[in-house]
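# dropping a prediction and its sequence here:
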Amino acid sequence: MSRISWEALAFESGIIASDLSSKSFLPKKDWESYQEAANQLVKRFDRLSSVPPSLKAREIKQLRAQCHSAIETIRVRLEYFHPDKKSDVKRKFYDTQIEHLHLRLGQLKESLDEGLGFQSDHQNLYTPHNKRRLIKSEIKVLEGRIADIQRKQAALR
């Protein structure tokens with residue numbers, strides 16, 4: 001096929017991919033229309049790929065790579081937005097977040113228990129007190145985030 005066909009496919013798939021990347025939620029109707037558009041893009045890509053190239057090999061590789069990358073982005077985003085899998089994806093995301101926050105919380109509590117070089121006979125030193133205060137405030141923030149994420153998880157059920 002012609003260069004214009006490849007460029008049009010690359011442009012269209014790039015626009016759809018960037019549009020999907022900017023969204024954080026898709027209603028079922030919109031998801032279905034994007035899915036149909038993605039299927040049409042894949043069919044056009046396959047049809048263009050099956051025709052012997054009339055362009056230079058380098059130009060084709062570049063345009064194919066652009067198209068393939070955009071179509072893959074669309075596919076991944078549509079999989080993420082799939083209406084039946086949305087709650088599972090969010091649940092996994094929240095589980096991962098909680099696990100990370102618990103690890104960080106454990107590290108902070110461990111460093112607080114070790115004392116950070118804090119010695120009671122050197123209470124006039126500002127650095128150990130400041131470190132202790134900062135760690136305690138970060139622990140409170142992390143505990144609040146964990147509680148917030150757990151509320152979000154409970155709302156999914």
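Great, that's in hand.
# where does pLDDT dip in this protein?
1-2, 53-57, 115-129, 157 (pLDDT under 70).
# how is it divided into domains?
The chain breaks down by automatic domain parsing into domains covering 3-81, 86-156.
# which parts of the chain are strands?
Assigned by DSSP state E, the chain shows no strands.
# and Ser87, how far is that from Phe93?
Distance from Ser87 to Phe93, counting by CB to CB, to the nearest Å: 11 Å. All C-beta atoms are positioned from the backbone trio N, CA, C, and that covers glycine.
# with neighbour numbers in mind, choose between the two.
Phe93 (14 against 11; other CB atoms under 10 Å).
# ok, that one to Glu143 distance?
Where Glu143 is concerned, Phe93 sits at a distance of 20 Å (CB to CB).
# sorry, back to before: any idea which of the domains of the chain is most buried?
Compared across these, domain 3-81 shows the largest average neighbour count, a mean of 15 (mean count of other CB atoms under 10 Å).
# show me the helices in this structure, by range?
With DSSP state H as the definition, the chain shows helices at residue ranges 3-21, 28-50, 57-81, 86-114, 126-156.
# where's the shortest one relative to the chain centroid, distance-wise?
Centroid separation for helix 3-21 versus its chain: 21 Å, with CA atoms, centre = their mean, to the nearest Å.
# go on, the longest one?
Mean-position distance between helix 126-156 and its chain equals 23 Å (CA atoms, centre = their mean).
# shouldn't Leu63 be in contact with Glu7?
Yes. The criterion here is CB atoms under 8 Å, and Leu63 meets it with Glu7 at 6.7 Å.
# return the distance of Val89 relative to Ile146.
20 Å.
# swap that for Leu103, please
From Leu103 to Ile146 the distance is 11 Å (CB to CB).
# got the contact list for Asn39?
Counting by CB atoms under 8 Å, 6 or more residues apart in numbering, Asn39 touches no other residue.
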